[in-house]
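J.: Whatever this is, show me its structure:
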Amino acid sequence: MMNKILSGLMFLVLLNQSTLANATPTNPNLSFNNIGNISSVIFVGNTSAQGSFTDVFSFTAPSPSANYNVAVTIDSYSPNLTFNQFTLTDSLGKNIATGSFSPTFAGQQASYINLTSGSIYDLNINGNNSSNSLGTYSGTLSLNPVPEPSEYILMLLGFGLTGFVARRLKNSSSKIFMAA
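T.: I've put the predicted structure just below:
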């Protein structure tokens, strides 16, 4: 079911948001889909020119402002395409994160990236087309919020309180059983 939904979304993105390489294309305001705490967006690019290319995909950071683990994965539908790296930049063009892709795994992750809600960021995908034939690819940009230290403390306190209550209930039920 999830594969059908993702395939449908990818098809719609292909129709509406495809880009051409070597022209620094921009897809403004890619919309994130939220699954639990993880926000993700699918992007699609294509190139027909031989040589290196850079595709630029713009997005607005989701709410709330937070530190995120950023993951970028790419699925190439063309054997002539290879991907070198991704760069995440803010609206001033400042590098926030960079990751490289290996020939066997077109996925990379950067950790603890601070994104401000409502701010526009650019995802730059750098690659190479080894022929003059059309090369098409899609990818996913996923943002997973990093828990704050206070959230870990609250979680540990919750586990401790749950253990305390469970132990008291166990001890009180043992006393009732022994009295009977």
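J.: now for the host helix or strand of G127, which elements pack on it?
T.: Secondary structure assigned from DSSP states H and E places G127 in strand 120-129. Where contact means 3 or more CB pairs under 8 Å, 6 or more residues apart in numbering; DSSP states H and E, strand 120-129 is packed against strand 26-30, strand 38-47, strand 51-60, strand 66-76, strand 81-89, strand 135-145. Using the backbone N, CA and C atoms, a C-beta is placed for each residue, glycine as well.
J.: if we go to 6 Å?
T.: strand 51-60, strand 81-89 (3 or more CB pairs under 6 Å, 6 or more residues apart in numbering; DSSP states H and E).
J.: And the first one, what's buried?
T.: This points to strand 51-60. F53, T54, D55, V56, F57, S58, F59, T60 (16 or more other CB atoms under 10 Å).
J.: For G135, see how far away the third one is.
T.: The one in question is D55. As judged by CB to CB, to the nearest Å, D55 and G135 stand 11 Å apart.
J.: Specify the residue ranges that define each domain of this protein.
T.: 2-146, 149-180 (automatic domain parsing).
J.: can you give me how far the longest one is from the chain middle?
T.: Counting by CA atoms, centre = their mean, to the nearest Å, domain 2-146 is centred 9 Å from the centre of its parent chain.
J.: hey, least reliable of the domains of the chain by pLDDT?
T.: Ranked by mean pLDDT, those end with domain 149-180 in last place, scoring a mean of 71.
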